[in-house]
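**Student:** show me how the following folds:
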Amino acid sequence: MQELITSIASKVGISEELAQKAVSTVLSLVQSGGDDGLVSQLFDKMPGAADLASAGSESSGGGGLMGMVGGMLGGSAGDMMSAVSSLKSEGLDMDQIKQVGEGVFEYAKEKGGDDLVSKVTDSIPGLDKFL
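**Tutor:** Residues are numbered from 1 along each chain as shown. As a prediction, the model looks like this:
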């Protein structure tokens, strides 16, 4: 996963520490919003992804209005808004958030294949808006 974090930091122009938080948040969103069996299959092909996802679920909660609205919505929509809010509170703008998401899913396709990643992303309503 360090390879992914380094790549994201370079691509987005952020520190590796912030890239790790961002990747962790995206993976947490995938873990909480995606089909459990499919996510498990994908994470098995991405050693360290489950640990990063767990770290992201502990640190994401999002602040401000977006986080509150996300909490009220619940489910995938709420998770998505909370993740965006959390990343914005770390100083990322929407373009950078989209770049992080694209980078994570490009890496996932390299490791797990297009078919599996498509099935995972299709199982998360609204995710396509951020990819």
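
**Student:** okay, CA-based contacts and neighbour counts for the rest of this
**Tutor:** Fine.

**Student:** pretty sure residue 48 sits against residue 4.
**Tutor:** No: counting by Cα atoms under 8 Å, residue 48 stays clear of residue 4, with 10.9 Å between them.

**Student:** who has more neighbours, those two?
**Tutor:** For residue 48 versus residue 4, neighbours defined as other Cα atoms under 10 Å are more numerous around residue 4 (19 against 12).

**Student:** closest to the centroid, which residue in the chain?
**Tutor:** Residue closest to the average C-alpha location in the chain (Cα atoms, centre = their mean): residue 26, at 0.9 Å.

**Student:** confidence-wise, which helix or strand of the protein is lowest on average?
**Tutor:** Here the helix or strand of the chain ranked lowest by mean pLDDT, DSSP states H and E is helix 64-73, holding a mean of 39.

**Student:** show me what contacts the residue nearest to the centre of the chain?
**Tutor:** 53, 56, 83, 101, 104 (Cα atoms under 8 Å, 6 or more residues apart in numbering).

**Student:** for those residues, which one is nearest residue 44?
**Tutor:** Using Cα to Cα, residue 53 comes nearest to residue 44 of the contacts of residue 26, at 12.6 Å.

**Student:** got the buried residues for the strand or helix carrying residue 17?
**Tutor:** Following DSSP states H and E, one finds residue 17 within helix 16-33. Neighbour counts over helix 16-33 (16 or more other Cα atoms under 10 Å) mark 16, 18-33 as buried.

**Student:** follow-up on the earlier one: next step: the contacts of residue 26 restricted to helices.
**Tutor:** Using DSSP state H, the subset of the contacts of residue 26 located in helices is 53, 56, 83, 101, 104.
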